[in-house]
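have a look; sequence and predicted model below, questions after that.
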4 protein chains.
Amino acid sequence: MKNGETLIRVRYSETDQMGTFYNSRALEWFEVGRTEALRQIGMAYTEMESRGAMLPLVEAHVEYLGRAVYDDQLRITAKLSRPKAARFRFDIEIEHAESHKAVASGYTIHAVTDERGKVIRPPKWLLEALEL
Amino acid sequence: MKNGETLIRVRYSETDQMGTFYNSRALEWFEVGRTEALRQIGMAYTEMESRGAMLPLVEAHVEYLGRAVYDDQLRITAKLSRPKAARFRFDIEIEHAESHKAVASGYTIHAVTDERGKVIRPPKWLLEALEL
Amino acid sequence: MKNGETLIRVRYSETDQMGTFYNSRALEWFEVGRTEALRQIGMAYTEMESRGAMLPLVEAHVEYLGRAVYDDQLRITAKLSRPKAARFRFDIEIEHAESHKAVASGYTIHAVTDERGKVIRPPKWLLEALEL
Amino acid sequence: MKNGETLIRVRYSETDQMGTFYNSRALEWFEVGRTEALRQIGMAYTEMESRGAMLPLVEAHVEYLGRAVYDDQLRITAKLSRPKAARFRFDIEIEHAESHKAVASGYTIHAVTDERGKVIRPPKWLLEALEL
């Protein structure tokens, strides 16, 4: 298994004057999805960082599929893959927790760097922990 | 001319613990770029909204090209086009104001809706004001 | 009982380049605490809003008491009171979920308004639901 | 002169479903005000940080005085003082740029620390540069 799920509620701070969530929140929710997926797959991102591997974004893509308003409960599903030797990718779906109506989907592509931001080959301990 | 430029400074609230800007800020800066571009092209977004036309996002794409840290001055250039009858598109570039080093680029695609969120044909007054 | 508790994890988007949470996040977490407290006390804020009563802030106060970093689990405790006829107040504490070390504390004071933002007397159904 | 002024426009990302700005934005705008005030008084915060002095918040207070909606132009005035030997304080006012109608006011109180977060006496070069 290389994916993970988590539930969130839309915060008031995440809404905008159109009454639904502001568009950039999707990327913040993608991050919540990645954080929980990494923990569920086998290595928390905090542990990765403390061992010297970071995953800065090189690309992000979002499709906005439906409304979500304050206090709605949403399910975020994030699936990890490794499209190239030095790139990780998360495919992410956000839907209403009960109705399964789609809210947003997309992906993020990440480099692997050391703590100074230098691009590195993904270390063996990391690939093993994440079964990549 | 269907584009516009604006300058911003990176806020402390926009940084994260990696020391550069947090990834979702790019979408917030894209919005600043769109706002100023629409005003420069010929119709402020506030006026569009008050006349009953809104531009919710249906898609967003970001490529992260370089670092930007607290207090850096950035130039945002947004270029408006109309790829389909009922879609507006902004292509957006963010670069360091002085060095012209690239920070992020991408695009956002928008539907045109009325104030209740119903998709509409772009009204004539809007297409004329924006020279589309 | 007129208080409620909830757990959150610090998001990467909530950190800043000092490595701890950015100061304004405290007010966003206060909101999460209020939302869950109102639900636990007896009336979700969404229901209040749909019945025509809103609680805009008139004052907020935060004391920053300790660090909290990415992925830390925090407990938010919010206690509701009614210091004046037309004011609600939440006293809020944020602490580390396991160690109970304090992160932030403060309060928010709210007017009661109708959906147009006009200040109103708190309706009877609201005071009863919240046992105020 | 120990104060400074700056102008901002309310971003769409800063609004919420009530149609005005979300409450935590006031603290982000306070930060913009402090940043520009320090630069105008005589030492940019980036330079302070690079010389090893940081100003983490220990307390923040906001009074919400009026509405501000998307694209409104606001003036932020921040005034620096030193209420105790080891504390800096900013008193901050936010008003509509043209009408001078009040939007929010408040203050933030700051410790002075070194880059590791250890509280220090404010260095002499800092007090001189800021005329404190």
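Looks like it arrived, so ask away. Residues are numbered from 1 along each chain as shown, chains lettered A, B, ... in the order given.

near chain D, anything from the longest helix anywhere in chain A?
Counting residues, the longest helix in chain A under DSSP state H turns out to be helix A:25-41. No. Helix A:25-41 stays clear of chain D (CB under 8 Å from any CB of the partner chain), getting no nearer than 8.9 Å. C-betas here are computed from N, CA, C, even on glycine.

same check, this time on stretch A:102-117
No. Using CB under 8 Å from any CB, stretch A:102-117 never reaches chain D; the gap is at least 16.0 Å.

and that stretch, what's buried?
A:Val103, A:Ala104, A:Ser105, A:Gly106, A:Tyr107, A:Thr108, A:Ile109, A:His110, A:Ala111, A:Val112, A:Thr113 (16 or more other CB atoms under 10 Å in any protein chain shown).

looking at those residues, which are in strands?
Using DSSP state E, A:Val103, A:Ala104, A:Ser105, A:Gly106, A:Tyr107, A:Thr108, A:Ile109, A:His110, A:Ala111 are the members of the buried residues of stretch A:102-117 that sit in strands.

the second one contacts A:Leu65, doesn't it?
What it means is A:Ala104. Yes. Here A:Ala104 reaches A:Leu65: they are 5.8 Å apart, a contact under CB atoms under 8 Å.

what residues are up against A:Asp16?
A:Tyr22, D:Tyr12, D:Ser13, D:Thr15, D:Asp16, D:Gln17 (CB atoms under 8 Å, 6 or more residues apart in numbering or on different chains).

identify the residue spatially nearest to the last one, adjacent ones excluded.
Spatial nearest neighbour of D:Gln17, excluding adjacent residues (CB to CB, 6 or more residues apart in numbering or on different chains): A:Thr15 at 4.1 Å.

what is the burial count for the residue nearest to A:Asp72 when sequence neighbours are not counted?
Distances taken as CB to CB, 6+ apart put A:Val10 closest to A:Asp72, at 4.8 Å, once the chain neighbours are dropped. Number of residues near A:Val10 (other CB atoms under 10 Å in any protein chain shown) recorded here: 21.

one more: A:Leu132?
For A:Leu132, using other CB under 10 Å, the count is 13.

what helix or strand does it sit in?
Assignment of secondary structure by DSSP states H and E places A:Leu132 within no helix or strand.

right, and it touches A:Leu38 too?
No. Applying CB under 8 Å, one finds A:Leu132 not in contact with A:Leu38, separated by 11.5 Å.

who touches both of those two?
With CB under 8 Å, 6+ apart, A:Leu132 and A:Leu38 have common neighbours A:Leu80.

which residues touch A:Met18?
B:Met54, B:Pro56, B:Gly117.

what number of residues lie near the second one?
Other residues lying near B:Pro56 total 15 when counted by other CB under 10 Å.

hmm, A:Gly66 and it touching each other?
No. At 11.2 Å, B:Pro56 does not count as touching A:Gly66 under the criterion of CB under 8 Å.

show me which of the buried residues of stretch A:102-117 neighbour chain B.
Counting by CB under 8 Å from any CB, A:Thr108 from these sit close to chain B.

how much space separates the residue nearest to A:Leu27 when sequence neighbours are not counted from A:Val32?
With sequence-adjacent residues excluded and distances taken as CB to CB, 6+ apart, A:Leu27 is closest to B:Ser24, at 3.8 Å. Distance of B:Ser24 to A:Val32, given as CB to CB, to the nearest Å: 11 Å.

the two: which is more packed in?
A direct count of neighbours by other CB under 10 Å for B:Ser24 and A:Val32 places B:Ser24 higher, at 27 against 21.

how about the residues of chain A by chain B?
So chain A meets chain B at A:18, A:23-28, A:31, A:54, A:56-64, A:67, A:108, A:117 (CB under 8 Å from any CB).

can I get the buried part of those residues as one ChimeraX selection?
Buried subset of those, written as a ChimeraX selection, criterion 16+ other CB under 10 Å:
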select /A:18,23,24,25,26,27,28,31,54,57,58,59,60,61,62,63,64,108
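
so where do the strands sit in chain A?
According to DSSP E, the strands that chain A contains are A:3-9, A:57-64, A:73-84, A:87-96, A:102-111.

how many neighbouring residues does A:Ser81 have?
13.

residue contacts, it?
With CB under 8 Å, 6+ apart, A:Ser81 has these contacts: A:Lys2, A:Phe88, A:Arg89, A:Phe90, A:Asp91, A:Leu132.

which of those residues ranks first by neighbour count?
Result: A:Phe90 is most packed of the contacts of A:Ser81 (other CB under 10 Å), 25 neighbours.

I'd say it and A:Thr108 touch.
Yes. With contact defined as CB under 8 Å, A:Phe90 counts as touching A:Thr108 (5.1 Å).

partners of A:Phe90 in the sheet?
Beta bridges link A:Phe90 to A:Leu80, A:Thr108 when assigned by DSSP bridges.

and it, what does it touch?
A:Phe30, A:Gly33, A:Arg34, A:Ala37, A:Ala78, A:Lys79, A:Leu80, A:Ser81, A:Tyr107, A:Thr108, A:His110.

repeat for A:Ala97
Shown in contact with A:Ala97 (CB under 8 Å, 6+ apart): A:Leu7, A:Gln73, A:Leu74, A:Arg75.

can you give me the neighbour number for the closest residue to it other than its chain neighbours?
With CB to CB, 6+ apart as the criterion, A:Ala97 has its nearest non-adjacent residue at 4.1 Å, and that residue is A:Gln73. Using other CB under 10 Å, A:Gln73 is surrounded by 12 other residues.

who wins for neighbours among the contacts of A:Asp16?
A:Tyr22 (26 neighbours).

about what we covered before: what's in contact with the longest helix of chain A?
With CB under 8 Å, 6+ apart, helix A:25-41 has contacts from A:1-6, A:8, A:14, A:44-45, A:48, A:60, A:62, A:64, A:74, A:76-80, A:90, A:92, A:94, A:104, A:106, A:108, A:129-131, B:23-24, B:27, B:60, C:9, C:11-13, C:71.

could you write out the alpha-carbon coordinates of that helix in CSV?
Output of helix A:25-41 as CSV, limited to C-alpha atoms (Å, rounded to 0.1, in the frame of the first residue of the first chain):
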residue,chain,number,x,y,z
ARG,A,25,-6.4,26.0,0.2
ALA,A,26,-6.5,23.0,-2.1
LEU,A,27,-2.7,23.1,-2.0
GLU,A,28,-2.7,23.3,1.8
TRP,A,29,-5.1,20.3,1.9
PHE,A,30,-2.9,18.4,-0.5
GLU,A,31,-0.1,18.9,2.0
VAL,A,32,-2.3,17.5,4.8
GLY,A,33,-3.0,14.6,2.6
ARG,A,34,0.7,14.0,1.9
THR,A,35,1.6,14.3,5.6
GLU,A,36,-0.9,11.6,6.6
ALA,A,37,-0.1,9.4,3.6
LEU,A,38,3.6,9.4,4.4
ARG,A,39,2.9,8.5,8.0
GLN,A,40,0.5,5.7,7.0
ILE,A,41,2.9,4.3,4.3
